[in-house]
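1. Kindly generate the corresponding structure for this input.
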Amino acid sequence: MMFSPCSDLAAAQWIVASDERWWDLVTLGPTGFPAYARLRFIPDPAYAGQSEREGACQNGALPDDALSESEQVRIAVEVLLQSANSLTEGYLLMWDGWGEDQFPTPVPRTPRVVTPGREYYLCKVSLPDLVSGAVEDSWSAETGHPMPSPAFIWPSDRAWCITADVDPHWAGIGADHAAIDTLLTESRLDVVQVEANEKLPFYQ
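-> This next block holds a predicted model:
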């Protein structure tokens with residue numbers, strides 16, 4: 001199994017049933033993890049009202065060696081699989097707002113996972129195949145489009161969760177302390193710990 005849409009939505013119930021405020025849920029993930037962090041795709045805003053494009057660019061252009069968001073997320077999944085010793089079978093929630101033509105044909109035929117403010121398709125996935133890029137390649141071959149960024153990624157044992165909404169310039173990560181500590185030292189990524197009651201940054 002590399003990737004398959006799910007008609008049974010039970011695997012996502014722990015997210016739907018979360019008592020987290022919806023905005024916190026879709027940006028930082030469900031409650032209950034010992035530690036949380038942010039994977040910053042671009043640096044945090046330098047001042048209030050800064051545009052995301054300005055924050056992403058150096059001298060008006062993206063750095064030549066900048067990793068895509070997809071590449072950064074795949075590295076994070078790879079680190080979490082190793083450090084958290086989690087199961088390799090996992091799940092994705094894909095935001096339905098990308099448009100049906102962006103999805104393999106069977107996906108929009110399945111029921112949606114509904115949270116306040118967002119609706120998603122649930123898919124089962126091989127996490128090692130996600131890390132290798134094989135899932136994205138298969139998706140693109142079937143649709144003719146790049147695979148949209150998953151909104152949630154987690155292993156079937158729920159050892160961790162990556163949450164990447166379309167609005168923030170970062171992805172939220174919940175895991176145990178050891179896994180978060182390992183992510184903080186991963187030189188390919190810009191990861192910062194989220195402290196209790198921290199005001200999270202957003203671009204204009």
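2. Identify each buried residue in the helix or strand of the chain with the lowest mean pLDDT, please.
-> Ranked by mean pLDDT, DSSP states H and E, the helix or strand of the chain with the weakest confidence is helix 52-56, at a mean of 81. For helix 52-56, burial by neighbour count (16 or more other CB atoms under 10 Å) applies to 52, 55-56. Glycine gets a C-beta too; all of them are placed from N, C-alpha and C.
3. give me the low-pLDDT residue ranges for this structure?
-> Within the chain, the stretches with pLDDT under 70 are 1, 58-64.
4. Kindly list the longest strand within it.
-> In the chain, ranked by residue count with DSSP state E as the criterion, the top strand is strand 118-126.
5. Give me the next element, helix or strand, following the longest helix along the chain.
-> With DSSP state H setting the assignment, residue counts place helix 69-83 as the longest helix in the chain. Going down the chain from helix 69-83, the next helix or strand is strand 89-95, by DSSP states H and E.
6. got the CA coordinates for the very next helix or strand once past that following strand in PDB?
-> Moving toward the C-terminus from strand 89-95, the first helix or strand encountered (DSSP H and E) is strand 112-115. C-alpha atoms of strand 112-115 as PDB (Å, rounded to 0.1, in the frame of the first residue of the first chain):
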ATOM      1  CA  ARG A 112     -15.100  14.400   3.900                       C
ATOM      2  CA  VAL A 113     -13.600  14.800   7.400                       C
ATOM      3  CA  VAL A 114     -15.300  18.000   8.700                       C
ATOM      4  CA  THR A 115     -13.800  20.400  11.200                       C
END
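7. Partner strands of strand 112-115 and their direction?
-> Under the criterion DSSP bridges, strand 112-115 sits next to strand 118-126 (antiparallel) in its sheet.
8. What residues of the partner strand count as buried?
-> 118, 120-126.
9. any idea how far the least confident helix or strand of the chain is from the chain center?
-> Chain-centre distance of helix 52-56: 20 Å, with CA atoms, centre = their mean, to the nearest Å.
10. quick revisit: measure how the longest helix of the chain sits relative to strand 118-126, angle-wise.
-> Between the axes of helix 69-83 and strand 118-126, defined by axes from the mean of the first three to the mean of the last three CA atoms, to 10 degrees, the angle is 50 degrees.
11. what's across from the residue nearest to C123 when sequence neighbours are not counted in the sheet?
-> With CB to CB, 6 or more residues apart in numbering as the criterion, C123 has its nearest non-adjacent residue at 4.7 Å, and that residue is L92. Beta-bridge pairing of L92, defined through DSSP bridges, involves C123, I153.
12. is it true that L92 touches S126?
-> No. Using CB atoms under 8 Å, L92 is not in contact with S126; the gap is 10.9 Å.
13. about what we covered before: so what's the gap between the longest helix of the chain and the chain middle?
-> 10 Å.
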